[in-house]
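1. Give me the fold of what follows.
(chains A and B)
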Amino acid sequence: MPVVRPAQRFALLVLATAFLSTACAGFSSPRGWAPPLVESDLAYLFLDRDELTAVRLDDFGGEALWTFPDGDLEAEKDIDLEAVYGPPLFLGDLIILTGFSGEIVAITQEGRFSPESGSWRQDDIKGNIVGGGVLAGERLIFGTTTERLYVRSTAGGGSVPFWPRDGRRLDGKIWAAPVVKGDTIFVGTMAGKLYAFDLESGDELWDRPFEIEGAIADLSLITADLLFVPTLGKRVALVDTATGLAIHPEFRATNWVWTTPALADGVAYFGDFSGMVYALDITTGRVEWTYDAENKVKARPAIIGDTLVVVDEGGSVHFVDLMRGDRKNLVKLEGAGKVRAPIVEADGFAYIMGTKGRLYRADAETLTVVEREIRGLGS
Amino acid sequence: MIGDIFTTVLMDPMINVLVVLNSLLFGSFGLGVIAFTIIVRLITFPLTLRQLQQTRAMQALQPRVKEIQKQFTDPKRRQEEMMKAYREAGVNPLGCIGPLIIQFPILIGLFYAIRQALAVSPEALDNLSGHLYSWSYIQNAVPLEERFLGLNLAEPSILMVVLVGVTTWAQSKTTVSVSTDDRARAQQQMMQWMLPLMFMFFSFGFPSGVSLYWVVTSIVSVGFNVATYGFPLLRIQPLVGPPKPRAPRETPESPEGSGSPRPKPARELRTSQNGKSRSKRKNRRRRA
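-> Model (predicted):
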């Protein structure tokens, strides 16, 4: 009869630990979900977790023009963005990318890091950048997971007056990209607080921050004076930018709301993690209709004509009647991976990107979706 | 299917308890992990105790096992005698593996729960949403704070690697040796050093939160080991006694009232000169 000795018991544990250590890889590693950026016949896509590819679009798909960073180039081989969640920012001849690693890099329109042409990089940021940055004149504004709000100069990424180089400490991690309106910065935190700051003086503008239950993981300005504040506490608030107060009682969703809405005729359209899609009248604060996508909705929907294009995380594209909330069609994307990036409207189409780095174009007239094949990419 | 059961029955409750503890303990995930580890070890204490007692009883039985091995050459007979000795001592030779197997899924569940609950990347938080119960106390608590005593619990740390090594070594050091065989003892001596080194190697790739769990569970194990086996180096006596032997089936032939886990072999019992163990025929002859 075998006897289990302590050494054997430990060996079992070692085996289990070895097994668990193999499971570590990719468990929580960031991949990014930056939305595609489409401008006439050019598209900027993060086809890989931290690589930006410029694509010239044509009738069949697109031809890759360049990819950044290029590991074969000496100047770019040690640039590590890790993952990118916000869209690239265009500033004159430069494209600014904010990486989850905390690294910010400004590259040329040709997709190269070239200090001779004005490129710069900043790697002294404390924490991870999740939501991406926003530009306001000659300022670059972004928040980090170390509860810091940074305002830096777009000229080389240097410090600006009244804003500490190490960032301004707020209450809670900053995941949502800040929002800028004129000279005011709005920033939400994962502690459920929303702040307003004067961009030039750094002064806090409201008497006290707006507070809401749950983490604010996304934030958007939906009208000239109204902020859409969704939370992981299943709530949505519409906050007046001038007073910092909600204009209606908080809207209660069924699950987490981690998205920005599409807006048309005073109605905000957005989904939640239960799969419910809501048409919320921002004037009355009442829900016009709901639609059940039956799967988590993270991506911002898009409005094309009288159709709301919604894509759930599983990669099903729902064409929904904008007025009544009825389903017009449902198309399942094959091989898209998870779809979390906002849908982008351009040239009368809705562009969708999944985690597998494939680009899809939804046509609201024919209620169909086609993949836009990207050619000329390396292996 | 098995994955779903594992997730629903083990991992999800663990994740949610971790989140609740995090909120109760001042939003400190580190304290949450420590409290959770201690709670889990207390809940599984009856299993651990049984395992430790079985090991201790096995150790006590080793001289007798050695004796049987010398005495009987026939493997079948040797097996029978050993089983008998185990039975009489109240020891199940597989008794220490049962509790271990039960604890195993708990350990793996904890590992995954800690990793899931930390959710430092947006993808991880997205995944976490599917594991949280709908109670608003839990929903509002995420994301959790990964900083604890200057450590980032989501990333590996040299300090935790060292602590994993030290506590694993202490755990091996306080574990009793079952075998009386010199070779096996030497093997165990080697394992006392090899295991901490291996765990240190693994913990280089683990988030510190998982290493923290391992450190706390090792410290608790050291406490259990010392309470069960004592620690002669520090003159600490065992606080917990060995398991009671089962009542023998053949009462006339068993040593009465001894409670000893070391009864003599059956053949020796048959040759005794006095007492109840003598045969009736011999007694009759003696009286005549």
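2. Alongside chain B, which residues does the stretch 151-300 of chain A contribute?
-> For the stretch 151-300 of chain A, the contact set with chain B under Cβ under 8 Å from any Cβ of the partner chain comprises A:173, A:175, A:190, A:192, A:213-215, A:217, A:232-234, A:255-256, A:258, A:273, A:296, A:298. Heads up, the C-betas are built off the backbone N, CA and C, glycines and all.
3. try 10 Å
-> In this structure, the stretch 151-300 of chain A approaches chain B at residues A:172-173, A:175, A:190-192, A:212-215, A:217, A:231-235, A:254-256, A:258, A:273-274, A:296, A:298, judged by Cβ under 10 Å from any Cβ of the partner chain.
4. The residue positioned nearest the centre of chain B is in what secondary structure piece?
-> The centre of chain B sits closest to B:T48, judged by Cα atoms, centre = their mean, with a distance of 4.7 Å. In this structure, B:T48 is located in helix B:45-71 according to DSSP states H and E.
5. do that helix and chain A meet at all?
-> Yes - in terms of Cβ under 10 Å from any Cβ, part of helix B:45-71 sits within range of chain A, namely B:Q51, B:Q54, B:T55, B:M58, B:Q59, B:L61, B:Q62, B:V65.
6. which parts of that helix are buried?
-> Buried positions in helix B:45-71, judged by neighbour count with 16 or more other Cβ atoms under 10 Å in any protein chain shown: B:47-62, B:64-65, B:67-68.
7. Now do that helix: which elements does it pack against?
-> helix A:6-24, helix B:75-88, helix B:97-118, helix B:208-229, helix B:266-270 (3 or more Cβ pairs under 10 Å, 6 or more residues apart in numbering or on different chains; DSSP states H and E).
8. From the opening residue of stretch A:348-360 to its closing one, how far?
-> The separation between the terminal residues of stretch A:348-360, taken as Cα to Cα, to the nearest Å, is 14 Å.
9. cool, stretch A:136-147 as well?
-> Its first and final residues considered, stretch A:136-147 spans 21 Å by Cα to Cα.
10. Do any residues in that stretch lie close to chain B?
-> Yes - contact of stretch A:136-147 with chain B (Cβ under 10 Å from any Cβ) involves A:T145, A:T146, A:E147.
11. on that earlier part again, comparing the helices and strands packed on helix B:45-71 by mean pLDDT, which bottoms out?
-> Lowest mean pLDDT within the helices and strands packed on helix B:45-71: helix B:266-270, at a mean of 40.
12. Tell me if I'm right that A:R169 and A:L149 touch.
-> Yes - A:R169 sits in contact with A:L149 when judged by Cβ atoms under 10 Å, with a separation of 8.2 Å.
13. So for the two, which residue has more residues nearby?
-> A:L149 (22 against 10; other Cβ atoms under 10 Å in any protein chain shown).
14. follow-up on the earlier one: want to try CSV for the residues of helix B:45-71 next to chain A, with pLDDT as columns?
-> Putting the residues of helix B:45-71 next to chain A into CSV (pLDDT from 0 to 100) gives the following:
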residue, pLDDT
B:Q51, 75
B:Q54, 77
B:T55, 75
B:M58, 77
B:Q59, 75
B:L61, 79
B:Q62, 78
B:V65, 80
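15. where does the chain dip in pLDDT?
-> All of this is about chain A. Per-residue confidence for chain A (pLDDT under 70) gives these ranges: A:1-28, A:378-379.
16. My question was about chain B, not that one.
-> Applying pLDDT under 70 to chain B flags residues B:93-100, B:102-103, B:176-181, B:184, B:240-288.
17. give me that answer again for 80
-> Across chain B, the stretches falling below the confidence threshold (pLDDT under 80) are B:1-3, B:47-62, B:86, B:89-107, B:110-111, B:175-192, B:228-288.
18. is the residue nearest to A:L37 when sequence neighbours are not counted in a bridge, and if so with what?
-> Taking Cβ to Cβ, 6 or more residues apart in numbering or on different chains as the measure, A:L37 lies nearest to A:Y44, with 4.2 Å between them; neighbours along the chain are not counted. Here A:Y44 sits in beta bridges with A:L37, A:A54, as judged by DSSP bridges.
19. do A:Y195 as well
-> As assigned using DSSP bridges, the partners bridged with A:Y195 are A:V187.
20. ok, so what distance separates the closest residue to A:D123 other than its chain neighbours from chain B?
-> For A:D123, ignoring the flanking residues on the chain, the nearest one in space by Cβ to Cβ, 6+ apart is A:E103 at 4.8 Å. Counting by Cβ to the nearest Cβ, to the nearest Å, the separation of A:E103 from chain B is 16 Å.
21. ok, now which ones touch A:E103?
-> A:50, A:78-82, A:97, A:121-125, A:129 (Cβ atoms under 10 Å, 6 or more residues apart in numbering or on different chains).
22. again, only using 7 Å
-> Counting by Cβ atoms under 7 Å, 6 or more residues apart in numbering or on different chains, A:E103 makes contact with A:I79, A:D80, A:L81, A:R121, A:D123.
23. now the strands for the stretch 101-250 of chain B?
-> In the stretch 101-250 of chain B, the strands defined using DSSP state E, counting those that start in this stretch lie at B:147-148, B:151-152.
24. Likewise for the stretch 251-379 of chain A?
-> Using DSSP E, counting those that start in this stretch, the strands found in the stretch 251-379 of chain A span residues A:251-252, A:262-264, A:267-271, A:276-281, A:287-292, A:302-304, A:307-311, A:316-321, A:327-332, A:344-346, A:349-353, A:359-363, A:368-375.
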